[in-house]
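Trainee: just to be clear, the model below is a prediction. Sequence and coordinates:
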Amino acid sequence: MPNEITIYTDGAARGNPGPGGYGVVLIYGKHRLEKSEGFRLTTNNRMELLAAIAGLEALKIPGSNVVIYTDSKYVADAVNKRWLFQWESKSFKKKKNQDLWLRFLKVYRKHKVRFEWIKGHASNQENERCDQLAVEASKQTNLMEDTGYNPEDNGMLLTC
């Protein structure tokens, strides 16, 4: 589709939980942007979701037509099967990663986004690049803190 922005995403955690990272490749016409970031202690699902968020947050024009390719059933199914909107209507009660889902919804609603699930490690060049970016980011020495991750509640954000 003309004027469509393509985003490939991947997340990785070395151990689950463990050090993790995400990788994103954004493509618009002949323009290309790669993003990645690593965290000291996180989960694979948090990194998969954060990759989608980072891709969408990089967009400058509201209302963009976007297709996100992800190998994460967790992220793709949550949106495509509309589970996410049920979770939201119930204030994410007993759902993991509330902080990231809320952040995702904020940026998701600024654009026209479609998710496509792709099989990981299946020779998709851009997915492989995202995986490489995510793994490299997880191995950096100055890893950031994933402030929303709490190992005591296995990924659920504590609210007081």
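Mentor: Received the coordinates, thanks.

Trainee: right, and Lys35 touches Ala54 too?
Mentor: Yes - contact status for Lys35 versus Ala54: in contact at 5.5 Å, counting by Cβ atoms under 8 Å. From N, CA and C alone the C-beta is placed, and that goes for glycine too.

Trainee: overlap of the contact sets of the two?
Mentor: 22, 24 (Cβ atoms under 8 Å, 6 or more residues apart in numbering).

Trainee: apart from its neighbours in sequence, what residue is nearest Asp77?
Mentor: Leaving aside its sequence neighbours, Asp77 sits nearest to Trp83 (Cβ to Cβ, 6 or more residues apart in numbering; 6.7 Å).

Trainee: now the one you found, what are its backbone angles?
Mentor: Backbone torsions of Trp83, given as degrees, to the nearest 10, read phi -60, psi -40.

Trainee: how much space between it and Tyr22?
Mentor: Distance of Trp83 to Tyr22, given as Cβ to Cβ, to the nearest Å: 21 Å.

Trainee: which residues does the residue lying closest to Tyr74 once chain neighbours are set aside contact?
Mentor: Of all residues not flanking Tyr74 in the chain, Asn45 sits nearest, at 5.0 Å (Cβ to Cβ, 6+ apart). Going by Cβ under 8 Å, 6+ apart, Asn45 touches 11, 72, 74-75, 96-97, 155.

Trainee: cool, and Glu145?
Mentor: Each residue near Glu145 by Cβ under 8 Å, 6+ apart is listed here: 39-41.

Trainee: can you check Thr70 too?
Mentor: 8-10, 48, 51-52, 76, 115-118.

Trainee: coming back round to it: between the contacts of Glu145, which is nearest Glu4?
Mentor: Comparing the contacts of Glu145 against Glu4 with Cβ to Cβ places Phe39 closest, at 30.1 Å.
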